[in-house]
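Novice: Provided below for reference: sequence and predicted model.
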Amino acid sequence: MLEKFRAAKRTEVERLMALAEAGGLPPPLPGPRPSFSGAILDAAVPDTRAAVIAEYKRASPSKGDINLGLAPADVARIYAANGAACVSVLTEEAYFKGSLAYLDEIAKAAPGMPLLRKDFLVHPLQVAQTAAHPASALLLIVRMLSDADLTDMLRVTYDLGLEAVVEVFDETDLDRAEAHAAHIIQVNNRDLDTLTVDLAVSERLVARKRPGRVWISASGISRPAEAARMAQLGFDAVLVGTSIMSEADPGAALAALVAANAGEARA
């Protein structure tokens, strides 16, 4: 799947290279951005409640179309009103029906909300492209990048005032993320070959969480008890998209996840 996603980004990277060569790459937005990691840590209660990163997601390879009638601005207001700590925005076009414009629309509708650009980023020019939009953070998937490329991507990300959410799928990925001193680590519970999810991946990897790191569990979390379990294990946040976007009342679904308490789950 990741090779398919990489191939889909080839045209985008070539276009950005041409723009950069012609001096037409948009400049970074001026001024500081809302802190992505800060918002997570402000909303989380250690070992008790995980912050919720709510995702605007219109489609996926595993689920197909997801509630295409929900406009970005409307979803932003729903998420802000129901306790989302941050919003993840799918910008990949070919497989997820995303758009970079959604970052602008959501930022306008929910001022001050930290936004994560979730996409398949393989070239530093995509980081520069992200900085021209109101994202606070971007996703870097360890296994899509060589060690040299990951070093470059992290350097450019930090130089442009963005945070990096470094995604891992297994212990080997985690070793590499830690070797690059990743501050925010996201564990993806989805098997990319079968597209199935297993929360045991998060349960296994979080045992290696280091002090001072922000950890996120992503994929397969749909019920408050699951969010509470991740908090109990030590995750600072959960990223939830499909299960919220698919609900008739996304606000109520989000509010239930935000309120999930590990103490109640144990009881």
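Specialist: Yep, that arrived. Quick caveat, the model's predicted, so the values are computed rather than measured.

Novice: what ranges does this protein have for its helices?
Specialist: With DSSP state H as the criterion, the chain has helices at 2-8, 10-21, 36-43, 72-81, 101-109, 124-131, 147-159, 171-179, 200-205, 224-233, 242-245, 250-259, 262-266.

Novice: excluding chain neighbours, what is closest to residue 84?
Specialist: Counting by CB to CB, 6 or more residues apart in numbering, residue 84 lies nearest to residue 54, which is 4.0 Å off, once chain neighbours are set aside. (Glycine included, C-beta is placed from N, CA and C.)

Novice: cool, and residue 66?
Specialist: The shortest distance from residue 66 to any non-neighbouring residue, by CB to CB, 6+ apart, is to residue 245 (4.9 Å).

Novice: state the distance from the one you found to residue 230.
Specialist: 19 Å (CB to CB, to the nearest Å).

Novice: among those two, which residue is more densely surrounded?
Specialist: residue 230 (27 against 23; other CB atoms under 10 Å).

Novice: for the closest residue in space to the more buried one that isn't next to it in sequence, list the residues it contacts.
Specialist: Computed as CB to CB, 6+ apart, the closest residue to residue 230 that is not its neighbour in sequence is residue 217, at 4.5 Å. Shown in contact with residue 217 (CB atoms under 8 Å, 6 or more residues apart in numbering): 50, 186-187, 189, 199, 202, 206, 230, 235, 237-239.

Novice: quick one: which of those residues sit in strands?
Specialist: Residues of the contacts of residue 217 located in strands (DSSP state E): 186-187, 237-239.

Novice: looking at these, which is nearest residue 166?
Specialist: residue 186 (6.8 Å; CB to CB).

Novice: OK, contacts around that closest one?
Specialist: Applying CB under 8 Å, 6+ apart, the residues contacting residue 186 are 139, 165-168, 215-218, 239.

Novice: try 6 Å
Specialist: Residues in contact with residue 186, defined by CB atoms under 6 Å, 6 or more residues apart in numbering, are 165, 167, 216, 218.
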